[in-house]
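Undergrad: quick one: sequence and predicted model below, then my questions.
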Amino acid sequence: MKKDSDYIKILDFLAEAGQLKRVKRSGWWTCGINDCESVADHSFRCAIIGFCLAKIEKCDFNKTAIICLFNDLHEARINDMHKVVQRYILLRDAEKKASKEQVKDLFYGIGKNIMSMMNELWEDKSKESIIARDADILECMLQGKEYYDQGFTQAKEFYIKPYKLLKTKSARKLARYIKKWDSRSWCSKLAVVER
């Protein structure tokens, strides 16, 4: 039987995870986008992308999506740091330390499971972790294209440059389409009214 304090620890963890709704993705500031997506926004779509890529690559889609969801959890403590900041800080060490501290007190194996997946991601130990990393990159590329289509021309670098970082065939294929895709096309297709 677990103590009340063990359940409070889970609530504290969930509240901390909720901070990601307020942490803004800092890379967009370099493009002049002040009202940009949050880390939670990014993680949500990253998990969906990971699920889709894993289905295409015939891998464990549930595991991949979960890795994607927890990928940036540490940013609730250390914030999101764009590439210029990462030039001066050993980010991976901070990510690992924050992640370990965030989950160390969670019972029923919750913390162990999260850390196991994070270690897998950091070490590219499995196909699912490689797909999750590709999903993270693809989500940034998609968001960059959406911002570009909204008139933020500096966001173009975010959907052009990362292509070379992608490892899976399905992610590279999707990335090639992003370059010529109109991010508003899904909406305009639905807006057609037939009479």
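TA: Cool, got the structure. Residues are numbered from 1 along each chain as shown.

Undergrad: check Ile160 and give its pLDDT.
TA: If you check Ile160, the pLDDT there is 89.

Undergrad: what separation do you get for it and Glu37?
TA: Using C-beta to C-beta, to the nearest Å, Ile160 is found at 19 Å from Glu37. Glycine gets a C-beta too; all of them are placed from N, C-alpha and C.

Undergrad: of the two, which one has the most company?
TA: Glu37 (19 against 16; other C-beta atoms under 10 Å).

Undergrad: any idea what sits nearest the more buried one, other than its immediate chain neighbours?
TA: Distances taken as C-beta to C-beta, 6 or more residues apart in numbering place Arg25 nearest to Glu37, at 5.3 Å, with adjacent residues excluded.

Undergrad: the one you found: neighbour count?
TA: Neighbours of Arg25 (other C-beta under 10 Å): 21.

Undergrad: so who does it touch?
TA: 36-39, 41-42, 80, 143 (C-beta atoms under 8 Å, 6 or more residues apart in numbering).

Undergrad: can you check the pLDDT for it?
TA: With respect to pLDDT, Arg25 scores 95.

Undergrad: ends of stretch 51-60, how far apart?
TA: Start-to-end span of stretch 51-60 (C-alpha to C-alpha, to the nearest Å) is 8 Å.

Undergrad: show me what counts as buried in that stretch.
TA: For stretch 51-60, the buried set under the neighbour-count rule, 16 or more other C-beta atoms under 10 Å, comprises 51-54, 56-57, 59.

Undergrad: same thing with stretch 115-132?
TA: 115, 117-118, 120-121, 126-132.

Undergrad: then that stretch to CSV, C-alphas only?
TA: In CSV, the C-alpha atoms belonging to stretch 115-132 read as follows (Å, rounded to 0.1, in the frame of the first residue of the first chain):
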residue,chain,number,x,y,z
MET,A,115,14.4,7.1,-17.4
SER,A,116,14.7,3.9,-19.4
MET,A,117,13.1,5.5,-22.4
MET,A,118,15.1,8.7,-22.0
ASN,A,119,18.4,6.8,-21.8
GLU,A,120,17.3,4.9,-24.9
LEU,A,121,16.7,8.2,-26.7
TRP,A,122,20.0,9.8,-25.6
GLU,A,123,22.0,6.8,-26.7
ASP,A,124,20.0,6.0,-29.9
LYS,A,125,19.6,2.5,-28.5
SER,A,126,16.6,1.4,-30.6
LYS,A,127,14.8,2.0,-33.8
GLU,A,128,12.0,3.7,-31.7
SER,A,129,14.4,6.2,-30.2
ILE,A,130,15.9,7.0,-33.6
ILE,A,131,12.3,7.5,-35.0
ALA,A,132,11.5,9.7,-31.9
